[in-house]
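In: no FASTA, just this:
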DNA sequence: CAACATAAAGAAAGCGCTTTACCATTAGGT
DNA sequence: ACCTAATGGTAAAGCGCTTTCTTTATGTTG
């Protein structure tokens, strides 16, 4: 049924060793033989089994991608760009949703190791470090996205979250805001964003508290709506909100609208990620833009180089975010 | 370095055949031996190589998922639900973006066959049938999503697009609309939606033309905005728009807003898919909801049963969409 | 023309696992 | 005491490919 290297060898009147050499362009093969073999391969529409190939120690040309949640547009767009770049280099991507659960992270990593993926791209939160250590110990290529791990010598790609937060603060303060609420869940990247945000406020000598309102555990739109409502109904309500991602910002917009606040007059809102959401909501959302395509391409480039043993200069890439100013501020 | 079945056999003082039987719960093994072997496996943290296992004819527990574009929220949510259901049954999913390109579809299918995935879930447009035929001929399990293929005996899962279109039309007509523009690109599912839409209008003896405005090739938000503008600036402008997906509907909303049309007073809009976009846009979007989690689960259930040789009663599942009425109508 | 490179191709081992015989034991039956 | 039948386990082939080592044929050189 399935055509194997034996079928090719037989039909071409050579040994399987010869066929293998033709496939891999290795060893000495005369031009005639090579062309003959190639012709037979084409005729029988032969494709070497990657499974069998992998068993001999070669690559599977498959990468594992761990992300928290594909339904979140930022990760969907990131996954999309990673998959695109991977395809260009003939790699496939197995995508796994972890929901920020370290149990799932470990399970997936174990499973994908078993499946012999060539490398991992970890865009999951990874507050828990054990799985990553496992990979490093086993010498399996890893690149971490959207998070730095100074404690490990591991490749990483990220936007400069600190700077992104700084930009957001700068913009809001320049618009005259002093009381600013913040929405975001407790993640490394968010902590960085807030740290940057904070730093700018400090530089401007704007008192941090109670202007600074960090709502932990805000992850879904519903929570963002609820928290925004709460913030706005306070006597000393914020005049602006910095949301750690666009989804939360959208929730904030909705909550503000529901309470008849005008945006940006009564409440200014800045999001993060600049996903498609930012231009879909009404008013359009000012958002800190991560260069998603570049980040995806960088991930693939780093990991594929590592896999192929090509030395790479800078193992920790950081892209500068830019502020996309729209109607919400 | 890597621990293999030989290491286990040696340390447990048995043959690899015995170890294999313990792993697979096959053949006769005494309780002591079994437990001893299990203990050794645990001690060495042994995981059988799926690659080697696959080479002996077993499954890879990996599925291929072809979708047009992960960055489209509907497909992202679908992919998410498929991956979730797959994980429950210990399957991994390789996700591939085809951009509706039949070239990419073929390339991916070829490649994934080479990688010996156990089955395919095709949620790509697939106007071109050759790749699908290949799979069927090769007897590789396939389930088609969001499209029926009456000409092939192939499993499929879909929402009832025809009925969804019918629902949309009914709702709009009941709201008093007669001139209705339609946005959507030329795809099988959209054709069905429009057919259903059409049918209702005919039933109500509402003249189809020029009420019926089918804009071909509308795929991205920008195009939707442009086309909506065009529709609205016509002297005989539509009073309602049916967009074949929420993204396009969001574009329509934006265009209407830009031209200072009030929604729903001046223009009513109905979307399709009921993705997260529907509740994010302002006003919230009335949309025909597909039961995405059920569709994802059904795909996995069908294909895994097929892979495992479990006979399945109904190979063509169709879910009824429901209309989520919101502010836009 | 002997002696030796060199070019081209093949034999065979090995990757890690499954599976099909097949071989010892031991237990049971009469 | 002898035959049969389970019981518990093993040896070995095979899955489809890569790779090292040989072998054989063909030139080249002094």
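Out: That came through, no problem. Predicted, not measured: the structure shown is a model, and the values here were computed from it.
In: show me which residues of the stretch 101-250 of chain A sit near chain B.
Out: Proximity of the stretch 101-250 of chain A to chain B (Cβ under 8 Å from any Cβ of the partner chain) is limited to residues A:110-116, A:221, A:247, A:250. In this view, the C-beta of every residue, glycine as well, is placed from N, C-alpha and C.
In: switch the residues you listed over to a markdown table; also include secondary structure and distance to residue A:125.
Out: Below are those laid out as a markdown table (DSSP: H, G, I helix; E, B strand; the rest coil; distance: Cβ to Cβ, whole Å):
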| residue | secondary structure | distance to residue A:125 |
| --- | --- | --- |
| A:110 | helix | 18 |
| A:111 | helix | 19 |
| A:112 | helix | 18 |
| A:113 | helix | 20 |
| A:114 | helix | 23 |
| A:115 | coil | 23 |
| A:116 | coil | 25 |
| A:221 | helix | 19 |
| A:247 | helix | 16 |
| A:250 | helix | 21 |
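In: next, count neighbours for whatever residue of the stretch 201-329 of chain A ends up closest to DNA strand C.
Out: In the stretch 201-329 of chain A, the residue that lies nearest DNA strand C is residue A:307 (18.2 Å; Cβ to the nearest atom of the strand). Using other Cβ atoms under 10 Å in any protein chain shown, residue A:307 has 17 neighbouring residues.
In: wait, it touches residue A:142, no?
Out: No. At 10.9 Å, residue A:307 does not count as touching residue A:142 under the criterion of Cβ atoms under 8 Å.
In: which residues are in contact with each of these two?
Out: Both residue A:307 and residue A:142 are contacted by residue A:119, under the criterion Cβ atoms under 8 Å, 6 or more residues apart in numbering or on different chains.
In: quick revisit: most neighbours out of the residues of the stretch 101-250 of chain A next to chain B, which is it?
Out: The most crowded member of these, judged by other Cβ under 10 Å, is residue A:250 (29 neighbours).
In: circling back: the residues of the stretch 101-250 of chain A next to chain B: which two are farthest apart?
Out: Using Cβ to Cβ, the two most remote members of these are A:116 and A:250, lying 40.4 Å apart.
In: where are the low-confidence patches of chain A?
Out: A:1, A:150, A:208-219 (pLDDT under 70).
In: now do the domain split for it, please.
Out: A:5-48, A:62-159+A:292-319, A:161-289 (automatic domain parsing).
In: next, the distance between the ends of the last one.
Out: Right, domain A:161-289. For domain A:161-289, the separation between the terminal residues is 10 Å (Cα to Cα, to the nearest Å).
In: chain center to that domain, what's the gap?
Out: 22 Å (Cα atoms, centre = their mean, to the nearest Å).
In: ok but residue A:66 is inside a strand, no?
Out: Yes. If the criterion is DSSP: H, G, I helix; E, B strand; the rest coil, then residue A:66 is within a strand.
In: quick one: it and residue A:124 touch, right?
Out: Yes. Residue A:66 is within contact range of residue A:124, at 4.4 Å (criterion: Cβ under 8 Å).
In: so what's in contact with those two at the same time?
Out: Contacts common to residue A:66 and residue A:124, judged by Cβ under 8 Å, 6+ apart, are A:98, A:105.
In: between these two, who's got more neighbours?
Out: Between residue A:66 and residue A:124, counting by other Cβ under 10 Å, residue A:124 is the more crowded of the two (29 against 24).
In: distance of the more buried one relative to residue A:312?
Out: To residue A:312, residue A:124 is 23 Å away according to Cβ to Cβ, to the nearest Å.
In: what is the neighbour count of residue A:174?
Out: Using other Cβ under 10 Å, residue A:174 has 10 other residues around it.
In: kindly report the same for residue A:175.
Out: Residue A:175 has 15 nearby residues by other Cβ under 10 Å.
In: run through who's touching the strand or helix carrying residue A:40.
Out: For residue A:40, the host element (DSSP states H and E) is helix A:31-43. Defining contact as Cβ under 8 Å, 6+ apart, one finds that helix A:31-43 is touched by A:8, A:11-14, A:18-19, A:22-23, A:29, A:46.
In: buried sites along stretch A:226-238?
Out: A:227-229, A:231-232, A:237-238 (16 or more other Cβ atoms under 10 Å in any protein chain shown).
In: from these, which land in helices?
Out: The members of the buried residues of stretch A:226-238 that map onto helices under DSSP state H are A:227-229, A:231-232.
In: circling back: now list the buried members of the contacts of helix A:31-43.
Out: For the contacts of helix A:31-43, a burial check counting by 16+ other Cβ under 10 Å picks out A:8, A:11-12, A:14, A:18-19, A:22-23, A:29, A:46.
In: which of those residues come close to DNA strand D?
Out: Filtering these for proximity to DNA strand D by Cβ under 7 Å from any atom of the strand leaves residue A:23.
In: and the closest residue to DNA strand D within the stretch 101-250 of chain A, what does it touch?
Out: Proximity to DNA strand D, evaluated over the stretch 101-250 of chain A using Cβ to the nearest atom of the strand, is greatest for residue A:116 at 12.9 Å. Contacts of residue A:116 were listed using Cβ under 8 Å, 6+ apart, and they are A:54, A:60, A:62, B:49-51.
In: in strands, which of those fall?
Out: residue A:62 (DSSP state E).
In: need the max-distance pair from the contacts of residue A:116.
Out: For the contacts of residue A:116, the farthest-apart pair by Cβ to Cβ is A:62 and B:49; their separation is 14.1 Å.
In: so between the two, which is more surrounded?
Out: residue A:62 (22 against 17).
In: hmm, that one is touching residue B:94, no?
Out: Yes. Look at residue A:62 against residue B:94 with Cβ under 8 Å: they come within range, at 7.2 Å.
In: any shared contact partners between these two?
Out: Shared contacts of residue A:62 and residue B:94, counting by Cβ under 8 Å, 6+ apart, come down to A:92-94, B:115.
In: related to what we said a few turns ago, so for the residue of the stretch 201-329 of chain A closest to DNA strand C, what's the nearest residue that isn't a sequence neighbour?
Out: Excluding the flanking residues, the one nearest residue A:307 by Cβ to Cβ, 6 or more residues apart in numbering or on different chains is residue A:118, at 4.9 Å.
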